[in-house]
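Engineer: Fold the following.
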Amino acid sequence: MKRGNKLKSDLIILIILLFVFRIFAAAHPPVEKYPYPGFSDLAGKAQWLQQDLRRNNLQYGLVMPRVLLPPQGNADHSSAHQEDGGNRSGPYLAALGFQYAVTHDTKVLRWANETFAAIEILEKVTGIPGCLARSFNLSEKPQRHEQWFFFPGEWHQSTSMPGYRWLGDPSSDTMTNLLYGLAIYYDLAADASHKQRVKELVDRIVTREMNQGMRIVDVDGKMTLWGNYNPHLAHEMINSLLPLGHLKIAYHLTGAGRFQFKYMELIKKYGYADQAILANSFKPPTVPWDTKLGMEALYHLLSYEDDPLLRNKYLASLERYWLTQKNKNFVAFQVTYKHFVPDNNGFSEKSLESLVNWKGAWRQHRDEWLRQEGGPMHVVGTWQEPAQEYLRAYWSARYYKLLTADNNLGSGDPPQWAKPTKDKFAGMVFVPGGTFIMGSNIGDADEYPQSIVNVKPFYIDRFEVSNKEYARFNPDHHYSPEKTDAPVLNVSWYDAAAFAKWAGKRLPTEAEWEKAARGTDGRKYPWGNIHDMSFAEPDGVVQEAAWRAGKSPYGAYWMAGGAWEWTADWYKPYPGNTTFSPAYGEIYKVIRGATAFADPSMQRCAHRYYLDPTTHVSGYPVGFRCVKDAE
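Structural biologist: Prediction:
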């Protein structure tokens with residue numbers, strides 16, 4: 001009987017062990033399947049990919065891309081594409097910050113501190129405060145991988161840290177990725193002593209960038225290959241966005257006013273915030289790492305900026321990036337977009353599917369010839385690309401409550417200013433009362449003089465009145481089904497005024513229309529001071545994100561590039577305008593907001609035009625929107 005009980009007990013233990021083994025096997029796929037596409041336990045995958053990264057891609061705390069694994073590669077994982085060490089380590093530090101904020105796991109905090117300490121070495125090893133290396137190795141002599149990749153001549157023996165070699169010519173990628181990771185680590189994970197070290201490091205890095213004329217300058221005094229943010233030197237629009245992010249991070253962390261002063265100087269004197277809107281170029285060639293850099297800069301600008309007018313410009317930039325990313329699998333961008341634009345479909349079921357089937361890292365056996373002095377070297381071995389991008393996407397989604405621990409979509413936790421609010425009057429946005437800059441001294445004579453005008457608070461239609469809305473007022477109004485939501489056109493001023501009265505509203509005065517379009521900062525266009533036709537195409541030519549980017553400071557759409565719009569006012573000269581026009585008087589009504597089929601200068605907020613109020617068919621596509629008093 002005892003023997004039978006023992007057999008029964010052994011059988012139960014065996015069944016339990018087999019069950020545990022099956023769970024273990026399911027939770028830990030064989031490494032040959034790396035990075036485990038199809039693995040649906042997202043938390044389990046995050047754990048396993050992190051183990052793989054730490055086992056095979058971590059060098060003294062830095063994340064090394066494309067590592068030649070031992071025994072063919074060096075045991076310290078330095079046989080790698082070292083030029084991107086900082087570029088991978090910044091996002092990894094951010095991922096650890098998000099992970100620690102979610103889990104409060106002291107092990108994760110220890111890992112984050114380890115990577116931060118390695119980033120500190122990227123500065124110390126150069127011997128110049130604020131000057132960064134791309135990567136470093138512990139070595140007294142050159143190594144073979146220095147010949148294989150990037151610029152071999154950029155490797156140096158450190159004079160400030162004997163026994164170290166370091167790689168120079170840091171780029172925008174290095175700077176932006178590292179500052180992004182440092183700021184998130186500071187906000188979410190670092191203790192008081194580490195916060196102080198982060199402050200001091202960021203202060204030195206961004207101070208050097210400022211002192212070098214908004215450029216990244218290497219130890220030899222030369223600007224690096226991709227380090228130009230200088231307002232007096234030609235540069236891509238993204239290089240107006242990135243330094244704003246650097247300066248905003250430095251000001252947020254240190255509170256030093258000189259960073260905010262330079263930030264505002266670049267915006268007010270050199271138009272960097274407007275240029276930042278166009279950071280995402282639609283023209284080839286486009287490269288994925290520029291999207292990552294743009295996202296990282298916008299993440300902190302939208303997190304730290306309090307001025308709603310500036311924030312709207314950064315949102316416009318984010319929308320333009322979304323235009324090219326909405327059908328792609330960059331999940332970390334989808335998280336960022338959904339966090340700041342919660343009323344649109346950013347992080348979604350498609351994002352979950354992308355995480356399940358994620359293939360953004362790889363492990364490959366290669367037989368190749370790599371360059372070196374004296375002739376190519378034959379290298380055969382297994383290489384591994386790290387999975388810090390999965391970790392960033394997963395843990396940021398968890399932190400912002402867009403993803404639950406059991407792999408379901410969450411409700412999210414957007415900033416207060418981004419939370420959708422219920423309209424007091426359906427379909428209308430609020431425009432606060434007060435003064436604004438009206439008119440222009442650079443346009444047509446009828447726009448002169450520019451002056452300060454005061455208006456009372458009011459509500460204005462978010463969109464122009466549509467065919468569908470107008471047909472409720474006039475059942476005889478006919479339109480094709482595909483034009484249901486398009487602006488109603490070819491209605492006279494009297495028709496528009498009658499609709500407005502029927503709806504319990506009225507037509508806007510010129511001053512109300514211009515303030516709703518322009519805000520209080522005197523901008524030229526509803527979105528800012530730089531013109532681009534992608535903001536003025538409400539007909540779907542460049543898709544939804546473009547016209548979302550082109551909305552006014554108060555959230556009114558298509559105030560440039562939609563239809564011309566009737567206003568309440570007769571076409572008369574402004575007070576102080578002494579020019580003569582036979583059109584002045586109570587003859588014509590003012591129309592505003594030129595269509596896309598017009599000269600770009602006509603899409604300025606201050607531009608005026610006029611039309612006979614009785615006309616239905618003028619050749620101009622003329623519609624209207626309504627306003628309602630707030631008091």
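Engineer: quick one, helices of the stretch 151-300 of the chain?
Structural biologist: Ranges of helices in the stretch 151-300 of the chain, per DSSP state H, counting those that start in this stretch, are 172-188, 192-211, 238-254, 257-268, 272-277, 288-304.
Engineer: Past the last one, which element shows up next along the chain?
Structural biologist: For helix 288-304, the following helix or strand on the C-terminal side (DSSP states H and E) is helix 308-325.
Engineer: Residue 596 and residue 535 touch, don't they?
Structural biologist: No. Between residue 596 and residue 535 there is no contact under Cβ atoms under 8 Å: 9.5 Å. (C-beta placed from N, C-alpha, C; glycine too.)
Engineer: returning to that earlier point: out of the helices of the stretch 151-300 of the chain, which one sits most buried?
Structural biologist: helix 272-277 (a mean of 27; mean count of other Cβ atoms under 10 Å).
Engineer: Let me know the pLDDT of residue 409.
Structural biologist: Residue 409 is assigned a pLDDT of 97 by the prediction.
Engineer: To clarify, my last question referred to residue 1.
Structural biologist: The model's pLDDT for residue 1 equals 44.
Engineer: cool, and residue 352?
Structural biologist: 97.
Engineer: How about the contacts made by it?
Structural biologist: By Cβ atoms under 8 Å, 6 or more residues apart in numbering, residue 352 lies in contact with 42, 403, 407, 409.
Engineer: Quick check: it vs residue 406, distance?
Structural biologist: Counting by Cβ to Cβ, to the nearest Å, the gap from residue 352 to residue 406 is 12 Å.
Engineer: same deal with residue 631?
Structural biologist: For residue 631, the distance to residue 406 - Cβ to Cβ - is 50 Å.
Engineer: same thing with residue 254?
Structural biologist: In terms of Cβ to Cβ, residue 254 sits 40 Å off from residue 406.
Engineer: ditto for residue 243
Structural biologist: On the measure of Cβ to Cβ, residue 243 and residue 406 end up 41 Å apart.
Engineer: Ignoring the adjacent residues along the chain, who's closest to residue 34?
Structural biologist: Distances taken as Cβ to Cβ, 6 or more residues apart in numbering place residue 363 nearest to residue 34, at 4.3 Å, with adjacent residues excluded.
Engineer: show me where pLDDT drops low in this structure?
Structural biologist: Within the chain, the segments meeting pLDDT under 70 span 1-28, 285, 537-546.
Engineer: mind running it again at 50?
Structural biologist: Applying pLDDT under 50 to the chain flags residues 1, 14, 17-26, 539-542.
Engineer: Domain map for it?
Structural biologist: Domain assignment for the chain, taken from automatic domain parsing, gives 34-418, 428-629.
Engineer: need the contact list for the residue nearest to residue 60 when sequence neighbours are not counted.
Structural biologist: Distance criterion Cβ to Cβ, 6+ apart; nearest residue to residue 60, sequence neighbours excluded, is residue 118 at 5.5 Å. Residue 118 makes contact with 60, 61, 62, 89, according to Cβ under 8 Å, 6+ apart.
Engineer: which one of those sits closest to residue 301?
Structural biologist: residue 89 (21.8 Å; Cβ to Cβ).
Engineer: The closest one sits in which helix or strand?
Structural biologist: Short version, using DSSP H and E: residue 89 is in helix 85-103.
Engineer: okay, the next helix-or-strand element following that helix in CSV with CA atoms only?
Structural biologist: Per DSSP H and E, the first helix or strand lying C-terminal to helix 85-103 is helix 106-124. Extracted in CSV, the C-alpha atoms of helix 106-124 (Å, rounded to 0.1, in the frame of the first residue of the first chain):
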residue,chain,number,x,y,z
THR,A,106,14.9,47.5,-7.7
LYS,A,107,16.7,45.3,-10.1
VAL,A,108,15.5,47.5,-13.0
LEU,A,109,16.6,50.5,-11.1
ARG,A,110,20.1,49.0,-10.7
TRP,A,111,20.2,48.3,-14.5
ALA,A,112,19.2,51.9,-15.2
ASN,A,113,21.9,53.3,-12.9
GLU,A,114,24.4,51.0,-14.6
THR,A,115,23.5,52.4,-18.0
PHE,A,116,23.5,56.0,-16.7
ALA,A,117,27.0,55.4,-15.3
ALA,A,118,28.1,54.2,-18.7
ILE,A,119,26.7,57.3,-20.4
GLU,A,120,28.7,59.5,-17.9
ILE,A,121,31.8,57.7,-19.2
LEU,A,122,30.9,58.8,-22.8
GLU,A,123,31.7,62.3,-21.6
LYS,A,124,34.6,61.6,-19.2
